[in-house]
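Asker: need a structure here:
(one chain, ligands or ions: 2)
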Amino acid sequence: MDASLFSDRLHSLLERADSIAVLTGAGVSAESGVPTFRDPGGLWSRFKPEELANVDAFMRNPDLVWEWYTYRRELIAGVQPNPGHVALAEMQTLIPDFTLVTQNVDNLHQRAGSTDVVELHGNIERSFCMDCRATVDKIDLPASKAVPRCAHCGGLIRPGVVWFGEMLPDAQLRRASDAAARCQLFLSIGTSGEVYPAAQLPGLAREHGAWVVEINPRPSSIAHRMHECIEAPSGVVLPLLVDVFRRSRLSA
Ligand code: BV8
Ligand code: ZN
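Answerer: Ligands and ions are numbered 1, 2, ... in the order given. Here you go, the predicted structure:
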């Protein structure tokens, strides 16, 4: 696989665009060994989102939901960022206006060196008290499987992620929408496009004149909103993309 995969339009944008926005989903972490949500064998295959990633499920069975997040936190602690994460971190250093928006809560973009990441759905490394909202760092979490209690007020500690039915953090969603509306190139990487309002971002970028590209081995449910779909793994495509960037920008 080489850069001939990319359309002429994409090539010229890689050489000249100075405003780029990227949306990532669980697929960008697949090559690190983190199961996706909706692929066969994915995180949801054993559970349904309705069962676990919502506040009612947590109130009904806090230990089960807490244990599922502990399992995911421990799984993530044992993996490394992959070449796709690393390429996005390098892309940020090459582009004056670069915004990385992620639906992922696995912190792998940050571990690969990306900074100022727009986290639409929170971060699994953060937890907070349901009652007094005191934040709890993961190192202070007890090893026990049972859901921990707040040291200040005794309230239930929950994962610092956005559950279904919960509003996305205003400031993050605004930053993501502003970046989609002003960018010349929008990359939608490793997302099934099933979850809103994140899935509206590629369409928003297109409406504002951006060239919109999907990178996903399987066309997502929003593939029809894209100008171009590169049906290949992000860990292979992104290093090729950055190569074109690097050659054109560092030689300029
Ligand atoms: C909200 C955190 C107000 C927790 C998650 C319209 C507008 C607004 C809301 C809605 C709407 N319609 C429906 C809703 C409600 C709901 C929603 O979207 N439901 C869906 C299921 C229909 N949205 C909400 O509730 C949001 N809140 O809007 O509040 C509101 C509320 C209700 C009604 C109206 C308004 C909150 C959504 C956030 C939920 N939290 N995560 C946690 O992680 O535990 S969502 C969860 O799904 C993850 O964050 C995940 O990132 C996200 C999206 O999934 P993907 O990342 O796309 O992962 P998936 O497995 O699906 O796909 C992986 C893809 O990777 C595949 O396509 C695969 O082919 C590809 N792939 C595989 N390998 C590779 C690869 N790609 C590249 N390279 C590879 N190697
Ligand atoms: Zn508390």
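Asker: Going by C-alpha atoms from here, please, whenever you check contacts or count neighbours.
Answerer: Fine.
Asker: how about the residues of the stretch 51-200 of the chain near ligand 1?
Answerer: 53, 103-105, 121, 161-168, 189-197 (Cα under 6 Å from any ligand atom).
Asker: Now, those that are in helices?
Answerer: Within those, no residue falls in helices by DSSP state H.
Asker: Just the buried subset of these, written out for PyMOL, thanks.
Answerer: Only the buried entries of these go into this PyMOL selection, using 16 or more other Cα atoms under 10 Å:
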select buried, resi 53+103+104+105+121+161+162+163+164+168+189+190+191+192+193
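Asker: residues in contact with stretch 175-182?
Answerer: Contact with stretch 175-182 is made by 19-21, 99, 101, 118, 186, 201-202, 204-205, 207-208, 210, as judged by Cα atoms under 8 Å, 6 or more residues apart in numbering.
Asker: how far is that stretch from where the chain is centred?
Answerer: A distance of 16 Å separates the centroid of the chain from that of stretch 175-182, by Cα atoms, centre = their mean, to the nearest Å.
Asker: Equivalent analysis for stretch 24-41, please.
Answerer: 10 Å.
Asker: so where's the stretch 1-150 of the chain uncertain?
Answerer: Applying pLDDT under 70 to the stretch 1-150 of the chain picks out residues 43-45, 49-50.
Asker: Any residues of it in contact with ligand 2? List them.
Answerer: C129, C132, C150 (Cα under 5 Å from the ion).
Asker: among the residues you listed, which ones are buried?
Answerer: Buried among those (16+ other Cα under 10 Å): C129, C150.
Asker: just the residues of the stretch 1-150 of the chain next to ligand 2 now: which is nearest ligand 1?
Answerer: Of all those, C129 has the smallest distance to ligand 1: 16.5 Å, by Cα to the nearest ligand atom.
Asker: Assess the claim that the closest one and H152 are in contact.
Answerer: No: taking Cα atoms under 8 Å as the definition, C129 is not a contact partner of H152, at 9.0 Å.
Asker: which ones are touching N54?
Answerer: Here N54 is in contact with W163, F164, G165, E166 (Cα under 8 Å, 6+ apart).
Asker: Does the second one touch A53 like I think?
Answerer: Yes: under the criterion of Cα under 8 Å, F164 makes contact with A53 at 6.2 Å.
Asker: so which residue of the stretch 1-150 of the chain comes closest to ligand 2?
Answerer: Ligand 2 sits closest to C132 of the stretch 1-150 of the chain, with a gap of 4.0 Å, by Cα to the ion.
Asker: repeat for the stretch 151-252 of the chain
Answerer: Using Cα to the ion, C153 is the residue of the stretch 151-252 of the chain that sits closest to ligand 2, at 4.1 Å.
Asker: returning to what we had before: dump the contacts of N54 to JSON lines, plus pLDDT.
Answerer: Formatted as JSON lines, those follow (pLDDT from 0 to 100):
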{"residue": "W163", "pLDDT": "96"}
{"residue": "F164", "pLDDT": "94"}
{"residue": "G165", "pLDDT": "93"}
{"residue": "E166", "pLDDT": "97"}
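Asker: mind giving me the domain ranges of the protein?
Answerer: 3-33+81-121+168-251, 42-78+126-161 (automatic domain parsing).
Asker: Pick the most buried one from the ones you listed.
Answerer: Neighbour counts (mean count of other Cα atoms under 10 Å) averaged over each of the domains of the chain peak at domain 3-33+81-121+168-251, with a mean of 19.
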